[in-house]
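**Q** Make a model of this:
(one chain, ligands or ions: 1)
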Amino acid sequence: MPKLFVIAGHGAGDPGACGNGFSEAERVRVLARKIKEFGGGNVILGDLSRDYYRDNGVSTLNLPKEYQIVELHMDAGQETARGGHVIIYSGFEVDDYDKALADMLADILPGRSQMIVERDNLANPERAAMRGYGYRLVEFGFITNAEDVKVFNTQMDDIASGVLAAFGIEAAGNKTGGENMGCILSVEGTKTQYYFDGQSIHPFTNGKEKTVIKKVCNGITDSIKLTKDELNDLKNVLKRS
Ligand SMILES: [Zn+2]
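**A** Presented below is the predicted three-dimensional model:
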């Protein structure tokens, strides 16, 4: 299973395409954060304050070999134009990740006749190709189409999980009924931290224990702060079940 490096398109002053009250740069950053939230340790979130196109960031990346890159965008066009698609560098072979992303988009954001498109005139696909990275740029529908924007906003969890699933990464803590739930709690006014596995609360006796829990629970949410009252409420709820 690869790991994922996520680039949010535009930014650093460039809003990208705008429509229906949203800007592309802002929307794809929200999606990027969601992908990181669900993907945990399997995802590196690119610096959201940067515009990797303008600052040539792809050419200076230094990623381990197991990383695949996804760059997030939204299209602009006529109001009626709809649907997402995947862009790869011209001449490169479509891989299983591209296909899985295209299938996901055909399902959630349909409308394009061609789901995977080769382009030789975009900077980042070419830069990534020169560096030997597995890369694709994904347009998550049209920001200029009201229905696409609505789908993007309301089904963002599904889209984020779908991106991860395309790379074989399970979305932790999403729609699993609490099964994979886990977080590290700290309580106001105390030094003790706790591991909460969704059913029981376990205090750590030292930092090593916390380290190993973080190691085995990929993407665990760290340092949720509770008041003493809230900790007691949580304990009371758990007693009842
Ligand atoms: Zn864009």
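**Q** Can you tell me, leaving aside adjacent residues, what's nearest to Asn145?
**A** Leaving aside its chain neighbours, Asn145 sits nearest to Arg82 (5.0 Å; criterion: Cβ to Cβ, 6 or more residues apart in numbering). C-beta: built from backbone N, CA, C; applies to glycine.
**Q** Please identify the helix or strand for that neighbour.
**A** If you go by DSSP states H and E, Arg82 is not part of any helix or strand.
**Q** now Met104
**A** Going by DSSP H and E, Met104 is in helix 96-108.
**Q** what does that helix contact?
**A** Identification of contacts with helix 96-108 by Cβ atoms under 8 Å, 6 or more residues apart in numbering yields 2, 68, 70, 83-86, 88, 112, 115-116, 134, 136, 138, 140-141, 151, 155, 158-159, 162-163, 165-167.
**Q** cool, and stretch 41-53?
**A** 1, 3-14, 29, 32-33, 35-36, 57-58, 63, 67, 71, 123-124, 164, 169, 218-219.
**Q** The residues you listed in helices, which ones?
**A** Per DSSP state H, helices hold the following members of the contacts of stretch 41-53: 29, 32-33, 35-36, 123-124, 164.
**Q** Report the beta-bridge partner residues of the residue in the chain positioned nearest to the ion.
**A** Residue nearest to the ion within the chain: His73 (3.5 Å; Cβ to the ion). In this entry, His73 is beta-bridged to Glu139, by DSSP bridges.
**Q** if I pick it, what's in contact with it?
**A** By Cβ under 8 Å, 6+ apart, the residues touching His73 are 9-10, 16, 24, 28, 137-140.
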